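Visitor: From the sequence below, what's the structure:
(one chain, ligands or ions: 2)
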Amino acid sequence: SLDWGYTDDNGPSTWAEKYPLAAGARQSPVDIDTSKATSDNSLVDREIDWSYPSNCSYRIVNTGYGWRVDTYGDDTALSGGPLSEVYKLEQFHCHWGATNDEGSEHTVDGKSYAAELHLVHWNSEKYSSFKEAASQPDGLAVLGVFMEIGNADNAELEKIISLIPKIIHKGQDSQASFDLDFGSLLPESKHYWTYLGSLTTPPCNECVIWTVFKEPITISERQLEVFRSLKSVGEEDAIEPEEGKLVKNYRPPLPLGNRVLRECGP
Ligand SMILES: COc1ccc2c(ccc[n+]2C(=O)c2ccc(S(N)(=O)=O)cc2)c1
Ligand SMILES: [Zn+2]
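Guide: Ligands and ions are numbered 1, 2, ... in the order given. Here you go, the predicted model:
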């Protein structure tokens, strides 16, 4: 069995037994209490800025906890906003729930979205590898994008979703080079909240500068169902067809504690 996961016997409430960092004071996700957000002008004139290539080759993999697209982040860059250095895109992935009224990791005044996209970057200016950066307090910068159910398919996400049938089982991967317009995986508004947090999965390293956009993007119910068709077990694990489906892979919020929550934009 998995040493951690999202079921009753290995879910978030049990993680601290094997991953002590999960009980830390700088954990993610958090509930974003909008009344606690402070807007200081140190963020106002430093718009968060990203540049991603339009055409790039990617590898999508079923991690057993969801899908993850590994990018070869040579000519990617994320800077500005709360970041003091330039960060490179390492990978992006998503969290979702069994029904549409749950699924995001961050919540806003207690409200959950149907899913949450994470674009994971690392501080390549200060550190020499992603792994090294993942052990540093300013090592990673993750952009969080809420996803709500809309009528239309999300065309950019569809390029990823069309590959999911090839990676139904844990460990499967698929190489694809497609022109992904990251711009459309991000909301139009650059308004965001930011705070210091952690990886939301074990080992829960407290190494993430979080930037969560206020405006959600949309995904269709059908597209979300494709996410839920992923399996958390390998092809060789003989289980019933309905078993092992990855219907939820989100960690519920942890206390913000005495951390500062800053916002940029109304
Ligand atoms: C031993 O060191 C590590 C470091 C990172 C690991 C990891 C195992 C899984 C995921 N990761 C990740 O890279 C990771 C985990 C969670 C997130 S999240 N959901 O964006 O906070 C991003 C990235 C192990
Ligand atoms: Zn994530």
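
Visitor: The helix or strand hosting residue 31: how far from the chain's middle?
Guide: Using DSSP states H and E, residue 31 falls within strand 31-32. Relative to its chain's centre, strand 31-32 lies at 15 Å (Cα atoms, centre = their mean, to the nearest Å).

Visitor: which helices and strands sit right next to the helix or strand just after it?
Guide: As assigned by DSSP H and E, the chain's next helix or strand after strand 31-32 is helix 41-44. On a contact count with 3 or more Cβ pairs under 8 Å, 6 or more residues apart in numbering; DSSP states H and E, helix 41-44 meets strand 262-264. (C-beta placed from N, C-alpha, C; glycine too.)

Visitor: other SSEs contacting the strand it packs on?
Guide: helix 41-44, strand 192-197.

Visitor: what's the closest of these to ligand 1?
Guide: strand 192-197 (7.9 Å; Cβ to the nearest ligand atom).

Visitor: My read is that residue 249 contacts residue 63, right?
Guide: No: using Cβ atoms under 8 Å, residue 249 is not in contact with residue 63, being 9.3 Å away.

Visitor: between these two, which one's more packed in?
Guide: residue 249 (26 against 18; other Cβ atoms under 10 Å).

Visitor: The nearest residue to that one once chain neighbours are set aside - how many residues pack around it?
Guide: Closest residue to residue 249 apart from its sequence neighbours, by Cβ to Cβ, 6 or more residues apart in numbering: residue 66 at 4.8 Å. Neighbourhood size, residue 66 [other Cβ under 10 Å]: 21.

Visitor: What segments of the stretch 151-266 of the chain are helices?
Guide: Under the criterion DSSP state H, counting those that start in this stretch, the stretch 151-266 of the chain contains helices at 155-161, 221-228.

Visitor: Make CSV from these and add distance to residue 90 and mean pLDDT to it.
Guide: CSV is the format used below for those (distance: least, Cβ to Cβ, whole Å; pLDDT from 0 to 100):
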stretch, distance to residue 90, mean pLDDT
helix 155-161, 16, 92
helix 221-228, 21, 97
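
Visitor: what about those, which gets the closest to ligand 1?
Guide: Using Cβ to the nearest ligand atom, the nearest of the helices of the stretch 151-266 of the chain to ligand 1 is helix 221-228, at 14.7 Å.

Visitor: quick revisit: verify the contact between the residue nearest to residue 249 and residue 247 for me.
Guide: No: when contacts are counted by Cβ under 8 Å, residue 66 is not listed as touching residue 247 (10.9 Å).

Visitor: Show me the beta-bridge partners of residue 96.
Guide: residue 115 (DSSP bridges).

Visitor: Neighbouring strands of the strand holding residue 31 in the sheet, and parallel or not?
Guide: When DSSP bridges is applied, strand 31-32 pairs with strand 107-108 (parallel).

Visitor: what comes into contact with the strand it pairs with?
Guide: 29, 31-32, 34, 146, 253 (Cβ atoms under 8 Å, 6 or more residues apart in numbering).

Visitor: which pair in these spans the largest distance?
Guide: Checked with Cβ to Cβ, the contacts of strand 107-108 reach their widest spread between 29 and 34, with 15.1 Å between them.

Visitor: Give the buried residues for stretch 15-33.
Guide: By 16 or more other Cβ atoms under 10 Å, the buried positions in stretch 15-33 come out as 15, 19, 21-22, 24, 26-32.

Visitor: then that stretch to PDB, C-alphas only?
Guide: Output of stretch 15-33 as PDB, limited to C-alpha atoms (Å, rounded to 0.1, in the frame of the first residue of the first chain):
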ATOM      1  CA  TRP A  15       1.100  12.300   7.000                       C
ATOM      2  CA  ALA A  16       2.900  13.700  10.100                       C
ATOM      3  CA  GLU A  17       3.600  10.200  11.400                       C
ATOM      4  CA  LYS A  18       6.000   9.500   8.500                       C
ATOM      5  CA  TYR A  19       6.700  13.100   7.300                       C
ATOM      6  CA  PRO A  20       7.200  15.200  10.400                       C
ATOM      7  CA  LEU A  21       7.400  18.500   8.400                       C
ATOM      8  CA  ALA A  22       3.700  18.100   7.700                       C
ATOM      9  CA  ALA A  23       3.100  19.300  11.300                       C
ATOM     10  CA  GLY A  24       5.100  22.500  10.800                       C
ATOM     11  CA  ALA A  25       4.000  26.100  11.300                       C
ATOM     12  CA  ARG A  26       4.500  27.100   7.600                       C
ATOM     13  CA  GLN A  27       2.300  24.500   5.900                       C
ATOM     14  CA  SER A  28       0.200  24.700   2.800                       C
ATOM     15  CA  PRO A  29      -2.600  25.000   1.700                       C
ATOM     16  CA  VAL A  30      -4.300  27.600   3.800                       C
ATOM     17  CA  ASP A  31      -7.800  29.200   3.800                       C
ATOM     18  CA  ILE A  32      -7.400  32.600   2.400                       C
ATOM     19  CA  ASP A  33      -9.300  34.900   4.800                       C
END
